[in-house]
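In: Sequence and predicted structure below; questions after.
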Amino acid sequence: MALITIPQPDANGEFTTPAEGAKYMAGFGIPQIPLRGKAPWFSEWPSKATLDFEQIDKWYAEYQCNFGSVAKAAIGNHFVVEVDSIDVRARYKADTQLDFTNTLTIRTRQGAHRWFLQSLESLALGNVSQSFVQHEDFSVRVDAEQCVSPGSVHVISGKQYRVIRDTAPVLCSSAELTWLGAQKITRKKIAVVEAGTLIQHGSIHGALVSFVGTLRSKNVPLEAGEIAAMAWVHENCAPPIDEDKVRETIHSVYKYPAGDPGASTVLFGSAASSVAPQAEKPKFDASCIDRSETITKPKFPSWVMLETSIYRGLIEPAMRTSTKRPELIFMPLVATILNSVGTKVRIKGLNNTPLSLFLGSLAVKGWFKSSSAELGFKYMQWAGLSEEHRISTANADGKQLIFTAGSMEGLGINMTKTRCANAILYYDELRSCISKVNIENSSFAPHLLTIYEGGRFANLIKSTRESFAFESGQYCASWIWCSTIKSFHENWPKIMGSNSDLIDRLFIVLGPEKADKDEKASFYADPDCMAGAAETRALIDRALKQGTFDYEDLGQAQTMIAEGLKGLSVVNEEDDDSQNLSLSRIVGLTQKLALFFAIDLGLDSITGDCLERAIALTRYRCDVIRYIRPIEAESTLGRLQARMEHVLRSNSGTMTEKLWKDALNYRRYDTELWARAWKGKAQAQQIVFYTDTIMGRPVKMVGLLKRAD
């Protein structure tokens, strides 16, 4: 009998082909099936799954396909927990003070597949759908379910599913199985909405699917269905309403074939109203509404944080003692670490590339934006690498200093006095930056452009005490601030005016955009991070000693960057410079981030894994810029009009007039300015006010008009 060799993952957890990854899983006794992307290639796949290497090779030769690993419900077989967010692990630790069981783990685009041996407890738990667990960010697949195997390629990212814990599956702990079961929720399908009551969270999704399904089954067009469903949700469901999720649900239901176009009856309150294409049509022709863009909030690629020292040393402990968002800690700390090595560590061949990072954190009030950034500063202080600048600070002593300067000249003067070569310009609120530097017509923005590029930063005047001069390459200065989205749109134009250069250099990380009283923490305590800070310090010292990092495979790096960043510099609208993202700066940002991962992962060179993480962050950054559309205008009137259009674009081009006005917080403007703003947009035929018939009643609407050819 010939000896069967089971393929093994390489150092990066990858395989030469999807078939090799499938054989690796089959070697553990986990049956395999061919996939068309992420879906099985044929029907009755649970019974056709195989451990036969020859059959796997035949399927791969025939389909050139991905493979799936199948869970089967019997002692001796396996099941999988699919985790889509690092928050799951943090919640488990917070609830049980335990960590996940170490077992065979496959890295996915946003999380991980964790494979276990079946037990009586896992069989009793059974399949748990992601739609039926709290937070909807994990699932348990015990029987006749499958997950994509390692070696297969993700249909969106084009990257492999990778092995990150190369060990045989083990039994899942009783504590973990009990906790997973406790996260299950029951969703009740609501057929009738009683008058005077609101559907509560946990039941909204099922009720919405039922409502939209009725519209779809009666062939109501998508545009009319979306308007009807959005109005229904706002009137019948408890706030806050996540309109992005509502739209996703509507569009998901509308993927199914339409039914009979006859009249339908939808119960609403205590009455029934007819909704059908034959119903009375509104006088306004909705075909002129610009629905060309459906803007959804980009999702931070949380998986990039895994295995880094700052995730182990700071973020995980912080998430156990509060509900801080990990990305709001991670990105400011990335900027801080890059700044701390900014004059001493380089990528080979890119000696003049500055490591400064301009970073903004956006979230609603109460979500720890500034305290998350400041926790990262404390972590660097615990590592002995950073200090807050005070009046009494005489000498930086080689450390990074955190400044809150009243002007760029003040920053330069104080950097000179303290002999500081690594500076963080930090504002806990963006509006405090405005007030401190008296931004209108100041030199703040031009100086920011200078320090981002690491150019000559100087102010030479007669008074030597007020003079300073930093030549190119002698310093590294970064800019970090926090804001709510509303405050950002109000204050950003005051910094930039109509100049788009600064947004091209900005990385914005988005936290929650809606308040959720059930998820806010009522307490906070600094986590014990001294050991983690020491580990990070050791990695930074190691990088400083090395000085120069090269790519592990330059050819591979060039290909990954070219393919991974394809399309990111494209401008969607010729007259919208805020989206004109420079390809050279996008590439430069990716290289900086890849260098960070090489440093914090303790590597000697920049590997493909470092680049994969960096590319994911860069794509997220570009998606965020296009999502929030930073407003650039010369006047208050121009800013308001830009906001009017932005809100409509964020809601698929049309919404009720009431919701639109509330989103713009219109009461804060004087009536004359408000009237001038909307009348100007209407007269320019950019927006239109009209009345639509929704649920049998007239509703005032506002829409974004299509642009003339």
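Out: Nice, I can see it.

In: For the stretch 201-350 of the chain, which segments are assigned as helices?
Out: Secondary structure of the stretch 201-350 of the chain by DSSP state H, counting those that start in this stretch: the helices cover 204-217, 222-236, 243-253, 309-310, 316-321, 326-340.

In: can you check the stretch 551-700 of the chain too?
Out: Counting by DSSP H, counting those that start in this stretch, the helices of the stretch 551-700 of the chain are 554-564, 583-600, 608-628, 636-649, 657-663, 671-683.

In: on that earlier part again, relative to residue 40, which of the helices of the stretch 201-350 of the chain is closest?
Out: helix 243-253 (20.2 Å; Cβ to Cβ). (C-beta placed from N, C-alpha, C; glycine too.)

In: Give me the pLDDT for residue 326.
Out: The per-residue pLDDT reported for residue 326 equals 90.

In: cool, residue 107 as well?
Out: So residue 107 comes in at 92 (pLDDT).

In: Okay, it and residue 306: tell me how far apart.
Out: Separation of residue 107 from residue 306 (Cβ to Cβ, to the nearest Å) stands at 8 Å.

In: likewise residue 56?
Out: 29 Å.

In: what's around the nearest residue to residue 27 once chain neighbours are set aside, how many residues?
Out: Distances taken as Cβ to Cβ, 6 or more residues apart in numbering put residue 6 closest to residue 27, at 3.7 Å, once the chain neighbours are dropped. Using other Cβ atoms under 10 Å, residue 6 has 12 neighbouring residues.

In: quick one: secondary structure of residue 6?
Out: Here residue 6 takes the coil state, with states given by DSSP: H, G, I helix; E, B strand; the rest coil.

In: For it, which residues are in contact?
Out: Applying Cβ atoms under 8 Å, 6 or more residues apart in numbering to residue 6 gives the contacts 23-24, 27.

In: which regions of the stretch 551-700 of the chain lie under the pLDDT threshold?
Out: 569-581, 632-634, 694-696 (pLDDT under 70).

In: next one: the stretch 251-400 of the chain
Out: For the stretch 251-400 of the chain, the ranges with pLDDT under 70 are 255-286, 292-295, 351-352.

In: can you give me the strands in it?
Out: For the stretch 251-400 of the chain, the strands defined by DSSP state E, counting those that start in this stretch cover 264-268, 271-275, 346-347, 358-362, 386-388, 400-403.

In: same thing with the stretch 401-550 of the chain?
Out: Secondary structure of the stretch 401-550 of the chain, counting by DSSP E, counting those that start in this stretch: strands at 422-427, 457-459, 468-470, 476-483, 506-510, 548-549.

In: if you average pLDDT over the third one, what comes out?
Out: In other words, strand 468-470. For strand 468-470, mean pLDDT is 88.

In: Next, the buried residues of it.
Out: For strand 468-470, the buried set under the neighbour-count rule, 16 or more other Cβ atoms under 10 Å, comprises 468, 470.

In: how long is stretch 391-398 end to end?
Out: Counting by Cα to Cα, to the nearest Å, you get 18 Å between the two ends of stretch 391-398.

In: tell me which residues of that stretch are tucked away?
Out: If you call a residue buried by 16+ other Cβ under 10 Å, then stretch 391-398 has these buried ones: 393, 396.

In: do the same with stretch 39-57
Out: Result for stretch 39-57 [16+ other Cβ under 10 Å]: buried residues 40-41, 45-46, 48-51, 53, 56.

In: Now residue 317. Nearest residue, chain neighbours left out?
Out: Closest residue to residue 317 apart from its sequence neighbours, by Cβ to Cβ, 6+ apart: residue 527 at 3.3 Å.

In: do you know how far that neighbour is from residue 316?
Out: Distance of residue 527 to residue 316, given as Cβ to Cβ: 8 Å.

In: Same question for residue 588.
Out: To residue 316, residue 588 is 30 Å away according to Cβ to Cβ.

In: One more: residue 647?
Out: 37 Å.

In: picking that back up, need the strands of the stretch 401-550 of the chain in a markdown table (columns: distance to residue 75).
Out: Listed next are those as a markdown table, based on distance: least, Cβ to Cβ, whole Å:
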| stretch | distance to residue 75 |
| --- | --- |
| strand 422-427 | 56 |
| strand 457-459 | 68 |
| strand 468-470 | 69 |
| strand 476-483 | 52 |
| strand 506-510 | 45 |
| strand 548-549 | 49 |
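
In: closest to residue 74 out of those strands?
Out: strand 506-510 (44.3 Å).

In: Paired strands for that closest one, with orientation please.
Out: strand 358-362 (parallel) (DSSP bridges).

In: give me every residue that touches residue 40.
Out: 33-34, 68, 146.

In: Which two of these have the greatest separation?
Out: Maximum distance among the contacts of residue 40 (Cβ to Cβ): 10.8 Å, for 34 and 146.

In: Can you list the buried residues in stretch 348-360?
Out: Across stretch 348-360, burial judged by 16+ other Cβ under 10 Å covers 353-360.

In: about what we covered before: any chance of the contacts of residue 40 in JSON lines, with pLDDT and neighbour count too?
Out: As requested, those are arranged in JSON lines below (pLDDT from 0 to 100; neighbours: other Cβ atoms under 10 Å):
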{"residue": "33", "pLDDT": "95", "neighbour count": "24"}
{"residue": "34", "pLDDT": "94", "neighbour count": "27"}
{"residue": "68", "pLDDT": "95", "neighbour count": "26"}
{"residue": "146", "pLDDT": "92", "neighbour count": "23"}
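
In: So which of the residues you listed are in strands?
Out: Judged by DSSP state E, these include 33-34, 68, 146 as members of strands.

In: Redo those residues as a markdown table? Include distance to residue 374.
Out: Shown next, in a markdown table, are the ones in strands among the contacts of residue 40 (distance: Cβ to Cβ, whole Å):
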| residue | distance to residue 374 |
| --- | --- |
| 33 | 50 |
| 34 | 51 |
| 68 | 45 |
| 146 | 45 |
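
In: Tell me the one of those residues nearest residue 212?
Out: Nearest member of the ones in strands among the contacts of residue 40 to residue 212, counting by Cβ to Cβ, is residue 146, at 28.4 Å.

In: Now for the closest residue to the closest one other than its chain neighbours: which residues touch it?
Out: If the residues on either side of it in the chain are set aside, residue 146 comes closest to residue 68, at 3.8 Å by Cβ to Cβ, 6+ apart. Shown in contact with residue 68 (Cβ under 8 Å, 6+ apart): 32-35, 38, 40, 45, 146-149, 152.

In: closest to residue 657 among those residues?
Out: Checking the contacts of residue 68 against residue 657 with Cβ to Cβ, the nearest one is residue 38 at 41.6 Å.

In: got a pLDDT number for that closest one?
Out: For residue 38, pLDDT reads 74.

In: can you count the residues close to it?
Out: Using other Cβ under 10 Å, residue 38 has 14 other residues around it.

In: right, and it touches residue 146 too?
Out: No: taking contacts as Cβ atoms under 8 Å, residue 38 lies outside contact range of residue 146: 9.1 Å.

In: related to what we said a few turns ago, please produce TSV containing the contacts of residue 68, extended by distance to residue 297.
Out: Formatted as TSV, the contacts of residue 68 follow (distance: Cβ to Cβ, whole Å):
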residue	distance to residue 297
32	36
33	34
34	34
35	29
38	23
40	31
45	34
146	29
147	26
148	25
149	31
152	28
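
In: ok so, going back, nearest to residue 448 among the helices of the stretch 201-350 of the chain would be which one?
Out: Nearest to residue 448, of all the helices of the stretch 201-350 of the chain, is helix 326-340, at 14.3 Å by Cβ to Cβ.

In: tilt between that closest one and helix 608-628?
Out: On the basis of axes from the mean of the first three to the mean of the last three Cα atoms, to 10 degrees, helix 326-340 is oriented at 120 degrees to helix 608-628.

In: What residues sit buried inside helix 326-340?
Out: Within helix 326-340, the residues scored as buried using 16+ other Cβ under 10 Å are 326-340.

In: Fine by me, thanks again.
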